[in-house]
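Peer 1: Dropping the sequence and predicted coords here.
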Amino acid sequence: LHGEPFLLDMQPVEEAPGTAASPSHQTTAPQFERFCLGLLLRDPEILYQVDRRFASLELDRLGPEDFSGTDSQVVFSAVRSALAQDDEEPSEGWRRELAPALIEQAEVLVAEAGEADLLLPRVQAEAVSHALRLRRRHLESELVELRYQLQTAQEEQAPVAEVRSLMHDLQRMGAQKNVV
């Protein structure tokens, strides 16, 4: 697994008997996504660093659409919301946004992220790297969809304006993917 040195260094967190999330609450998200979300849940302020990196690359901020599955998207949205409020620490604020079953799933993600020191530049860089990887995966998926739409539009002899719009979107997303 090239490009995931920090994940490979992580030791699995031992769970006490009876504390593991039930299979219905476990996400099928890739390990790098689970790790990234776990770090963001532990310290939502890491998202500021991710956003700054994305801005430096002229990309939109990390968003729910960058995560696979509705549960992960909802959990990420809770992290983003926790940063927007001032009533409590963001690392606690996301809990108020989630249903109990998702809180349980989120806490499993936090436990899976381990006890990494979030102040270490290496850990912060790893979080940003995984966020970029999430974006790349999202863009690749969008590009496949756009190619299909363009092919369909051409086969059905869609209006030239529609074909041009799809081609423009395809070029824009391709350029973004090349940046990531």
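Peer 2: That came in fine, so what should we check first? Numbering: from 1, shown residues only.

Peer 1: Tell me the pLDDT of residue 15.
Peer 2: On pLDDT, residue 15 comes in at 36.

Peer 1: show me what contacts residue 29?
Peer 2: Counting by C-beta atoms under 8 Å, 6 or more residues apart in numbering, residue 29 makes contact with 37, 67, 68, 69, 72. Backbone N, C-alpha and C define where each C-beta goes, glycine included.

Peer 1: now that we have the residues you listed, which one has the most neighbours?
Peer 2: Among the contacts of residue 29, the one with the most neighbours (other C-beta atoms under 10 Å) is residue 37, at 28 neighbours.

Peer 1: hey, where'd the helices end up in this protein?
Peer 2: 5-9, 31-42, 46-56, 70-84, 90-97, 100-113, 121-155, 160-179 (DSSP state H).

Peer 1: Go through the ones you listed and find the least confident stretch.
Peer 2: Minimum mean pLDDT among the helices of the chain: helix 5-9, a mean of 36.

Peer 1: returning to what we had before: columns distance to residue 63 on top of the helices of the chain, output as TSV?
Peer 2: Listed next are these as TSV, based on distance: least, C-beta to C-beta, whole Å:
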stretch	distance to residue 63
helix 5-9	23
helix 31-42	12
helix 46-56	10
helix 70-84	8
helix 90-97	16
helix 100-113	18
helix 121-155	9
helix 160-179	13
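
Peer 1: Identify, out of those, the most deeply packed stretch.
Peer 2: Greatest average neighbour count among these goes to helix 31-42 (a mean of 24), per mean count of other C-beta atoms under 10 Å.

Peer 1: List the residues that contact the nearest residue to residue 77 once chain neighbours are set aside.
Peer 2: Residue nearest to residue 77 in three dimensions, not counting chain neighbours: residue 64, with 5.1 Å by C-beta to C-beta, 6 or more residues apart in numbering. Going by C-beta under 8 Å, 6+ apart, residue 64 touches 73, 74, 76, 77, 80.

Peer 1: Can you give me the pLDDT of the residue most central in space within the chain?
Peer 2: With distances taken as C-alpha atoms, centre = their mean, residue 67 lies nearest the centre of the chain, 4.2 Å away. For residue 67, the model assigns a pLDDT of 95.
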